[in-house]
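> Model the following, please.
(one chain, ligands or ions: 2)
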Amino acid sequence: MSCETAALPQSIICETPRMALDDCFTFRCGPDLACFGQCCHDVTIVLTPYDVLRLKHAMGIDSTEFLEKHTLTPRAPDQKFPIVILQMLDDTKQCPFLGERGCSVYHDRPWACRMYPLGAAEPKRATPTDQPFHFVLREDLCRGHAESTRVSVRDWISSQGAEAFEMMSGGFKELTLHDFWEGDRPLSQQQAAMFYMACYDLDRFRRFVFETRFLQLFEVDEARIEALRTDDQELLEFGIQWLRFSIFGERSMKMRRNGT
Ligand code: SF4
Ligand code: SF4
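Ligands and ions are numbered 1, 2, ... in the order given. Coordinates of the predicted model:
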């Protein structure tokens, strides 16, 4: 997941070589390696809203059920907004989606799983000397680094199908990097609940939009209303727009004149 450099351990910011898209690293992963699947144990995987959307579709369940069954919502004292992480199995500590032949949701696996062993960091405000960068995570259990295949950062991202995930996470990334979070204005319980619903619990957000007075309060054109009924990606973008209006006070939505 892209993140502010300030949120990364100092060792990554200062000591890990920063890689540009055309820089290369040596790595290969595959079922023939002795470590196959080891990286899917006891691991913290932060899910983006688009990850949740893809996974709940892959499983054919709604977002509320997916979140209840497969995620945790950790609360750290300095945490600005809700995050969700994939819940490992209680007994074996392995990812619930790890099967005998590898990842059972491979086509829809989260961004962080696609990128591994690459991580990404993004300064809040890029400058000529402080640009977004990638870095290689090296863990002892991973034998992939001993393989001789050389690959560029760009080709790795492309080969793992991570571009679509990055593109779809653009609005969420802007939301999480917003200046609002720099102020000493913690979200109220209600705002945190709104954030969680609009970003992660999309099926509940859809019911909120269509089964309350929401559409009487906001001007939304008919074509978009129709799209919001079935298109989760459109609903996610709409939800982010609504959060920017409701939490940041931006003019990203228009209220109806007679909407009371
Ligand atoms: S530990 Fe590394 S090489 Fe082994 S399966 Fe996981 S990512 Fe691939
Ligand atoms: S989602 Fe797939 S790749 Fe990611 S940790 Fe689980 S089993 Fe491994």
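> switch to C-alpha atoms for all contacts and neighbour counts from now on
Fine.
> Spatially nearest residue to residue 122 (excluding sequence neighbours)?
Nearest residue to residue 122 in three dimensions, chain neighbours excluded: residue 132, at 4.3 Å (CA to CA, 6 or more residues apart in numbering).
> tell me the contacts of that neighbour?
120, 121, 122, 123, 126 (CA atoms under 8 Å, 6 or more residues apart in numbering).
> Check the gap between it and ligand 2 for me.
Distance, residue 132 to ligand 2, by CA to the nearest ligand atom, to the nearest Å: 24 Å.
> what about that residue, distance to residue 114?
Separation of residue 132 from residue 114 (CA to CA, to the nearest Å) stands at 18 Å.
> same question, residue 211
36 Å.
> When those two are compared, which one has more neighbours?
residue 114 (21 against 10; other CA atoms under 10 Å).
> What about the spatially closest residue to the more buried one that is not a sequence neighbour, how many residues nearby?
Distances taken as CA to CA, 6+ apart place residue 160 nearest to residue 114, at 5.5 Å, with adjacent residues excluded. Applying other CA under 10 Å, we find 15 residues neighbouring residue 160.
> Quick check on residue 160: phi, psi?
With angles defined as degrees, to the nearest 10, residue 160 sits at phi -90, psi 0.
> excluding its backbone neighbours, what's nearest the residue positioned nearest the centre of the chain?
The residue lying closest to the centre of the chain (CA atoms, centre = their mean) is residue 48, at 1.6 Å. In this structure, residue 48 finds its nearest non-sequential neighbour in residue 169, 7.1 Å apart by CA to CA, 6+ apart.
> give me phi/psi at that neighbour?
According to degrees, to the nearest 10, residue 169 has phi -90, psi 0.
> From residue 236, how far off is it?
Taking CA to CA, one finds residue 169 at 10 Å from residue 236.
> Now for the two: what residues contact both?
With CA under 8 Å, 6+ apart as the test, residue 169 and residue 236 both reach residue 49.
> more neighbours, the two?
residue 236 (26 against 21).
> and that one, what element?
Using DSSP states H and E, residue 236 falls within helix 232-246.
> so what does that helix touch, helix or strand wise?
helix 49-59, helix 170-176, helix 189-199, helix 202-211, helix 222-230 (3 or more CA pairs under 8 Å, 6 or more residues apart in numbering; DSSP states H and E).
> For it, the averaged confidence score.
The average pLDDT for helix 232-246 rounds to 97.
> and what of stretch 187-194?
For stretch 187-194, mean pLDDT rounds to 96.
> List the buried residues for it?
Of the residues in stretch 187-194, 187, 194 count as buried by neighbour count, 16 or more other CA atoms under 10 Å.
> Mind listing residues that contact it?
By CA under 8 Å, 6+ apart, stretch 187-194 touches 80, 81, 82, 243, 247.
> same thing but 7 Å
Outside stretch 187-194, the residues that touch it by CA atoms under 7 Å, 6 or more residues apart in numbering are 81, 82, 247.
> quick check, residue 85 in a strand?
Yes: membership of residue 85 in a strand is supported by DSSP: H, G, I helix; E, B strand; the rest coil.
> From ligand 1, how far out is it?
For residue 85, the distance to ligand 1 - CA to the nearest ligand atom - is 19 Å.
> Report the beta-bridge partners for that residue.
Note on residue 85: beta-bridge partners residue 46, residue 72, judged by DSSP bridges.
> So for it, what's the pLDDT?
pLDDT, read off for residue 85, is 97.
> where's it relative to residue 241, distance?
The value you get for residue 85 to residue 241, if CA to CA is used, is 23 Å.
> hang on, the earlier thing: got a markdown table for the contacts of stretch 187-194, with distance to residue 41 and neighbour count too?
Shown next, in a markdown table, are the contacts of stretch 187-194 (distance: CA to CA, whole Å; neighbours: other CA atoms under 10 Å):
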| residue | distance to residue 41 | neighbour count |
| --- | --- | --- |
| 81 | 26 | 16 |
| 82 | 23 | 18 |
| 247 | 36 | 15 |
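> so which of those comes closest to ligand 1?
residue 82 (27.6 Å; CA to the nearest ligand atom).
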